[in-house]
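K.L.:
I need the structure of the sequence given here:
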Amino acid sequence: MEQARPRRRAGEAAWPPRDATGGTPEDRAGSGARGAHPHDGPAGAAGALPAPREPHAPRVVRRASVREQVLSALRTALVSGELAPGEVHSAPVLGQRLGVSATPVREAMQQLALEGAVEVVPNRGFRVAERGARELAELAEVRALLEVPVVLRLARTVPPERWAELRPPAERTVLAASSGCAATYAEADRAFHRALLSLAGNAELVRIAEDLHRRAQWPQAGGAARARGHAELLADAAEHHALLDALVARDLDVVRRLVEEHFTGARR
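P.N.:
Residues are numbered from 1 along each chain as shown. Prediction:
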């Protein structure tokens, strides 16, 4: 018998996130996956599923894939506010909601604890970190100190025609903003900044900058934990195209202003 999903409180967002058909990750796994052990493969975790195997083909256990899919689903829930600041969640309960065992959830939560997104609560689970405006301001300052000099150097050295390569990822941020989904926009936003900084040829820079960027996207505690509005997302996405225009023109003053304002505005 299929296990009933936990009931939601009034006004509570459905989680794990449903796709356009209204299905959950375990629904997308298909009826053939029901009854299988969660560690047999990634069918129960959020994200794209592997192609069907040939009949009688040996099954390959992809434990790391399950963990990464669970980590991705939890990060999305953090950005969207579905896992709200201050809430305490246990790995078994979250595993039940995601359709996997507690083990990959616990491993994903340990990674999030290293990133500062959650805190370990002995004998209870993990508490979503409560962050205030000061922490976000500090993150914005560090991002500006790290990225502004790099972008200004790129503005001086990258041929203007190369900036055309960043138009597609910039346009994807506009499309993501148009959806009104904060989690979808957050992913597209990180992809644009990753593509921009990758032109510097420094993989460590890209890795550190993306970690700071992801942390800056988590919501604040209390009333500030609201999702960013549609207009906010669109305005944020438009800044990417404005930045590219300034980079093509090699207008260093405008580049500096746009990058600094992009970091110090609403949550990025």
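
K.L.:
which SSE is Gly95 in?
P.N.:
Per DSSP states H and E, Gly95 falls inside helix 91-98.

K.L.:
mind listing what's buried in the lengthiest helix in the chain?
P.N.:
The longest helix of the chain (DSSP state H) is helix 133-157. Across helix 133-157, burial judged by 16 or more other CB atoms under 10 Å covers 135-136, 139-140, 142-144, 147-148, 150-152, 154-155. Heads up, the C-betas are built off the backbone N, CA and C, glycines and all.

K.L.:
hmm, back to that, show me which parts of the helix holding Gly95 are buried, residue by residue.
P.N.:
For helix 91-98, using 16+ other CB under 10 Å, the buried residues are Ala91, Leu94, Gly95, Gln96, Arg97, Leu98.

K.L.:
Spatially, what comes nearest to the second one if we skip its sequence neighbours?
P.N.:
Yep, that's Leu94 we're talking about. Spatial nearest neighbour of Leu94, chain neighbours left out: Val105 (4.8 Å); criterion: CB to CB, 6 or more residues apart in numbering.

K.L.:
Can you tell me how far the one you found is from Val70?
P.N.:
As defined by CB to CB, to the nearest Å, Val105 lies at a distance of 6 Å from Val70.

K.L.:
which residues are common contacts for the two?
P.N.:
Leu98 (CB atoms under 8 Å, 6 or more residues apart in numbering).

K.L.:
who's more crowded, the two?
P.N.:
Val70 (33 against 30; other CB atoms under 10 Å).

K.L.:
ok, back up a step: for the buried residues of helix 133-157, please prepare a markdown table with the additional fields distance to Arg214.
P.N.:
Listed next are those as a markdown table, based on distance: CB to CB, whole Å:
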| residue | distance to Arg214 |
| --- | --- |
| Glu135 | 14 |
| Leu136 | 13 |
| Leu139 | 10 |
| Ala140 | 14 |
| Val142 | 13 |
| Arg143 | 11 |
| Ala144 | 16 |
| Glu147 | 14 |
| Val148 | 19 |
| Val150 | 18 |
| Val151 | 19 |
| Leu152 | 24 |
| Leu154 | 22 |
| Ala155 | 25 |
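
K.L.:
Farthest-apart pair in these, please.
P.N.:
The largest separation in those, counting by CB to CB, is between Glu135 and Ala155 at 29.6 Å.

K.L.:
how long is stretch 244-257 from one end to the other?
P.N.:
With CA to CA, to the nearest Å applied, stretch 244-257 spans 13 Å between its terminal residues.

K.L.:
Any idea how far it is from the middle of the chain?
P.N.:
Remark: stretch 244-257 is offset 28 Å from the chain centroid, using CA atoms, centre = their mean, to the nearest Å.

K.L.:
Name the residues of that stretch that are buried.
P.N.:
Leu244, Ala246, Leu247, Val248, Val254, Val255, Arg256.

K.L.:
Just to check, the fourth one is in contact with Val158?
P.N.:
No - using CB atoms under 8 Å, Val248 makes no contact with Val158, being 9.6 Å away.

K.L.:
Show residues contacting stretch 154-168.
P.N.:
192, 195-196, 199-200, 241, 244, 246-250, 252, 255.

K.L.:
quick one: which of these is nearest to Arg75?
P.N.:
For the contacts of stretch 154-168, the nearest to Arg75 is Phe192 (17.5 Å; CB to CB).

K.L.:
separation between the closest one and Pro169?
P.N.:
Phe192 is 4 Å from Pro169, by CB to CB.

K.L.:
now do Ala84
P.N.:
From Ala84 to Pro169 the distance is 30 Å (CB to CB).

K.L.:
Likewise for Ala140?
P.N.:
Plainly put, Ala140 is 22 Å away from Pro169 if you go by CB to CB.

K.L.:
And the helices in this protein?
P.N.:
25-28, 63-80, 91-98, 102-115, 133-157, 167-179, 182-198, 203-217, 230-249, 252-264.

K.L.:
Could you dump these into TSV and include distance to Arg124 and mean pLDDT?
P.N.:
Listed next are those as TSV, based on distance: least, CB to CB, whole Å; pLDDT from 0 to 100:
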stretch	distance to Arg124	mean pLDDT
helix 25-28	25	43
helix 63-80	17	85
helix 91-98	10	93
helix 102-115	12	92
helix 133-157	24	92
helix 167-179	35	95
helix 182-198	26	93
helix 203-217	24	92
helix 230-249	35	93
helix 252-264	35	89
